[in-house]
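> sequence and computational prediction follow.
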Amino acid sequence: MSDREKLAIHGGTPVRDQARNPWPTWPIFDADEERALLGVLHSGNWWIVEGDEGKRFQEEFAAYHHARFGQVCTNGTAALEIALRALEIGCGDEVIIPPYTFIATASAVLAVGATPIFVDIQPDTLNIDPLQIEAAITSRTRAIIPVHMAGRPADMDAILAIAAKHHLAVIEDAAQAHGAEWRGTRVGALGDFGTFSFQASKNLNSGEGGMVLTNTETLADAAWSIINVGRYRDGHLPGYQVLGGNFRMTEFQSCILRTQLARLPEQTARRNANARTLCELLSGVPGILLPFDDPRITCNAYHLFTFRVDLDRLQGRTFPEFLTALRAEGVPCSSGYIPLYGEGIFTRLSHHDGHWRQTDSAPDYTALNLPVCEQVCRDTVWLPQTLLLAERSDMEDIAAALTKILL
Ligand SMILES: Cc1ncc(COP(=O)(O)O)c(C=O)c1O
């Protein structure tokens, strides 16, 4: 066996030498971001209340996402909480969410005093399974939060139909889905609210940051008040309309986001082209299960490129050992989430000995076992979006590394 054939974990030559041939770094910026930052610095308007950058960015982002109203805020976690509060969801209410997501989808529900109800996901999209939502609806259910996982839109036709039938609100958690489209409409503009994150790893990045989108003026006004310490939007002083917080973003973040937004369409197109190439290259590799490409998804944001692995094909290796072997071949990757209800904080809440007290309706998360989520957490690989910003030939390296390990 030659050095090239021998796995890198066994001392062979890696498919890709990352020192000589590095993957694209993130974030991507140039003199445009420098100019924008210096512009804000010298203007002295660092506060969004007095500056223009935040106002212009929220208008530009809302227009890009086909929504009528956009409001920037501190981060994607706060955006979810703001949307829930604007919908007056709180104690005693239940909110349906998927268990394959970042903790914020659930912690925001708990932060407003409501109870997250986990509904299993589809194995081939990693998104909430609409066929299982209705069985979870009770008289307390107020909303559904679909997560557009990894940038792949959830089945919004089915989710919106169920929500309409049961008079539920829909908050799209689009933290990972900037620019993604469902049947030609960008996500975040399909539900009552859409929430986004601009945290450092995201496809649109200002270090930290968030956004709530809505098409409903009264909801936009409610969100504005919550973001702005509860003040009246019409400038009415003194006094406060609601119990709000300070969820404002700064002008520095806003100006960075405006320049980054200008880069997003080209980057999204590049990620999609490379993802298509990668799917073609991987379709023949035994043991790799590619996600389902729903034709109603007219654009995938590809925050991550995900695929599942047939664990029986790992030739005696464990899944973590397989990931180590892939990294050794020069392909950055990770294993993603564990079922969110299995996180210690939720099991402690089930026992009522956490710092929070659940409502009487608190489900026993320790008894929960959602089989699809459990399985995909054991066999799903995440490749970061930065790999999809490389060249077509770089996709061949990913396929070659996987072929080397799996064949
Ligand atoms: C699905 C999802 N929801 C919410 C968030 C929270 O966003 P932030 O980190 O900006 O608070 C994230 C961020 O990682 C996320 O991936």
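Cool, the structure landed.

> just the C-alpha atoms of the helix or strand bottoming out on mean pLDDT in the chain, please, in PDB.
Lowest on mean pLDDT, DSSP states H and E among the helices and strands of the chain sits helix 344-350, with a mean of 75. These are the backbone C-alpha positions of helix 344-350, laid out as PDB (Å, rounded to 0.1, in the frame of the first residue of the first chain):
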ATOM      1  CA  GLY A 344     -28.400  18.300  31.400                       C
ATOM      2  CA  ILE A 345     -30.200  21.600  31.800                       C
ATOM      3  CA  PHE A 346     -33.500  20.100  30.500                       C
ATOM      4  CA  THR A 347     -33.300  16.900  32.500                       C
ATOM      5  CA  ARG A 348     -32.600  19.000  35.600                       C
ATOM      6  CA  LEU A 349     -35.700  21.100  34.700                       C
ATOM      7  CA  SER A 350     -37.700  17.900  34.500                       C
END
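
> name the residues of the stretch 151-300 of the chain found near the ligand, please.
Taking C-beta under 6 Å from any ligand atom as the contact definition, the stretch 151-300 of the chain meets the ligand at Asp173, Ala175, Gln176, Ser197, Gln199, Gly210. Any C-beta I mention is one placed from the backbone N, CA and C, and that applies to glycine too.

> in the chain, which residue sits closest to the ligand?
Nearest to the ligand in the chain, going by C-beta to the nearest ligand atom, is Gly76, at a distance of 2.5 Å.

> output the below-cut-off pLDDT ranges for this protein.
Low-confidence segments of the chain (pLDDT under 70): 350-362.

> can you give me the strands in it?
For the chain, the strands defined by DSSP state E occupy 69-73, 94-97, 115-118, 141-144, 169-173, 181-182, 185-186, 193-197, 210-214, 288-289, 297-299, 304-309, 380-384.

> mean neighbour count added to the ones you listed, as TSV?
Rendered in TSV, the data for the strands of the chain read as follows (neighbours: other C-beta atoms under 10 Å):
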stretch	mean neighbour count
strand 69-73	26
strand 94-97	26
strand 115-118	23
strand 141-144	23
strand 169-173	27
strand 181-182	22
strand 185-186	20
strand 193-197	30
strand 210-214	30
strand 288-289	18
strand 297-299	19
strand 304-309	21
strand 380-384	20
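
> JSON lines for these, including distance to Ala83?
Compiled in JSON lines, these are given as follows (distance: least, C-beta to C-beta, whole Å):
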{"stretch": "strand 69-73", "distance to Ala83": "10"}
{"stretch": "strand 94-97", "distance to Ala83": "11"}
{"stretch": "strand 115-118", "distance to Ala83": "14"}
{"stretch": "strand 141-144", "distance to Ala83": "9"}
{"stretch": "strand 169-173", "distance to Ala83": "5"}
{"stretch": "strand 181-182", "distance to Ala83": "18"}
{"stretch": "strand 185-186", "distance to Ala83": "17"}
{"stretch": "strand 193-197", "distance to Ala83": "4"}
{"stretch": "strand 210-214", "distance to Ala83": "5"}
{"stretch": "strand 288-289", "distance to Ala83": "33"}
{"stretch": "strand 297-299", "distance to Ala83": "23"}
{"stretch": "strand 304-309", "distance to Ala83": "23"}
{"stretch": "strand 380-384", "distance to Ala83": "26"}
